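>>> Provided below are the primary sequence and the corresponding predicted coordinates.
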There are 2 protein chains.
Amino acid sequence: MKANLTGHDEPVLPADFRMTPQRTVVHEVVKASYDHPTATEVFMRAKEHVPAISLATVYNCLDTLVAHGLLKQVNLDRASSRFCANMNDHVHFHCDQCGAVADAHPISNMPISTLWKLPEGSRVTRLDIAIRGICPECVKKNATAKPQV
Amino acid sequence: MKANLTGHDEPVLPADFRMTPQRTVVHEVVKASYDHPTATEVFMRAKEHVPAISLATVYNCLDTLVAHGLLKQVNLDRASSRFCANMNDHVHFHCDQCGAVADAHPISNMPISTLWKLPEGSRVTRLDIAIRGICPECVKKNATAKPQV
DNA sequence: AATGAGATCAATAATCATTCTAAGAAAGCT
DNA sequence: AGCTTTCTTAGAATGATTATTGATCTCATT
């Protein structure tokens, strides 16, 4: 198995998937980023390695990598999509103040059906969970900057 | 208390909030809609009552109503935001096939912190949960249309 | 009733993320 | 090598939303 920064297993890829230089760079950029970069951020970082790469290619590569299970796409409200190379089961914590996105890992494995009453006869394929709040850094910043009025 | 279609309590509004005719229409349109309409859909429905209303005004009204807790905004991936007059605690079930959005109400009241390990010292303000899958209608449609290959 | 401050409205333009299009480049198959 | 398919690229296009700006409305005070 190929070594990688995150320590996750690489999924088995179908034969028709070509790991082109552009896709490799896009994948490596996201794997080396711990801040859930947007497509534009990935584009800027990828350019340092492949200056000729275009934003459209970055979008194409991200789509392909997500479709093949090498990356996760994170959508928060209507802001730009963000990308994440952590393929373990997790949700995202989003700071309303600084916009930072952090991973939050599950503690228990409660099935969805025990938490919410789903439409009778529906089939669940995916769960998108975003926890919004104030991150520890901003909580601290607020406490020192403007004490309770 | 004012009677309304959904049977929920109307929140107490701050003095600086003006319930203008446009805001009233936008609010009533969403309250009378059970399909989580988009801003454009609200615009089209509101036009039947106030033909002169503009899309920009609908956006402004929706923003204000959401900010004052009279409506909920539902964001699913990068599609248009949808709006919802059900102010009870609930999450959304989104059908990948027909795009329908249905409410799903909580069964248990597990605190978030028992389900996911949040960043130490963070403060949670909101939980955005979208359950994706196939709705009962589409499951049925698929079964009759194309039996297992 | 007139005034003035502040909020709201509507039309238009602008922005922003993303997708589409078309043409050339690269890779894989025969 | 020749053919086919897939990728990449630049630029145009799309679609949702936001910003701007001047007109209009509302309300508390004169």
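Yep, that arrived.
>>> Just checking: what are the partner strands of the longest strand along chain A?
The longest strand of chain A (DSSP state E) is strand A:123-134. In the sheet containing strand A:123-134, its partner strands are strand A:91-95 (parallel), strand B:123-134 (antiparallel), by DSSP bridges.
>>> of all those strands, which lies closest to DNA strand D?
strand B:123-134 (14.5 Å; C-beta to the nearest atom of the strand). Glycine gets a C-beta too; all of them are placed from N, C-alpha and C.
>>> hmm, who's touching that closest one?
Applying C-beta atoms under 8 Å, 6 or more residues apart in numbering or on different chains, the external contacts of strand B:123-134 come out as A:76-77, A:96, A:112, A:116, A:118, A:122-134, A:139, B:74-76, B:91-97, B:104, B:112, B:118, B:142.
>>> So how do I select the buried members of the residues you listed in ChimeraX?
Only the buried entries of these go into this ChimeraX selection, using 16 or more other C-beta atoms under 10 Å in any protein chain shown:
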select /A:76,116,118,122,128,129,130,131,132,133,134,139 /B:74,75,76,91,92,93,94,95,104,118
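>>> Show me which positions of the longest helix seen in chain A end up buried.
Longest helix in chain A by number of residues, with DSSP state H as the criterion: helix A:55-67. For helix A:55-67, the neighbour count (16+ other C-beta under 10 Å) marks A:57-59, A:61-62, A:64-65 as buried.
>>> which one among the residues you listed gets closest to A:F43?
A:V58 (4.4 Å; C-beta to C-beta).
>>> Helix or strand: which one has the nearest residue to that closest one once chain neighbours are set aside?
Nearest-residue entry for A:V58: A:F43, 4.4 Å, with adjacent residues in sequence omitted and distances by C-beta to C-beta, 6 or more residues apart in numbering or on different chains. Per DSSP states H and E, A:F43 falls inside helix A:39-47.
>>> A:H36 now?
Counting by DSSP H and E, A:H36 is found in no helix or strand.
>>> And for it, the neighbour number?
Around A:H36 there are 23 other residues, counting by other C-beta atoms under 10 Å in any protein chain shown.
>>> on that earlier part again, and the helix holding A:F43, what's its mean pLDDT?
Throughout helix A:39-47, pLDDT has a mean value of 96.
>>> go on, stretch A:94-114?
91.
>>> tell me how far the ends of it are from each other?
Start and end residues of stretch A:94-114 are separated by 25 Å (C-alpha to C-alpha, to the nearest Å).
>>> got the residues of chain A near DNA strand C?
Residues of chain A lying near DNA strand C by C-beta under 7 Å from any atom of the strand: A:18, A:20, A:38-40, A:55-56, A:59, A:63, A:79-81.
>>> Spatially, which two of these are the most separated?
Maximum pairwise distance among the residues of chain A next to DNA strand C (C-beta to C-beta): 30.9 Å, between A:R18 and A:A79.
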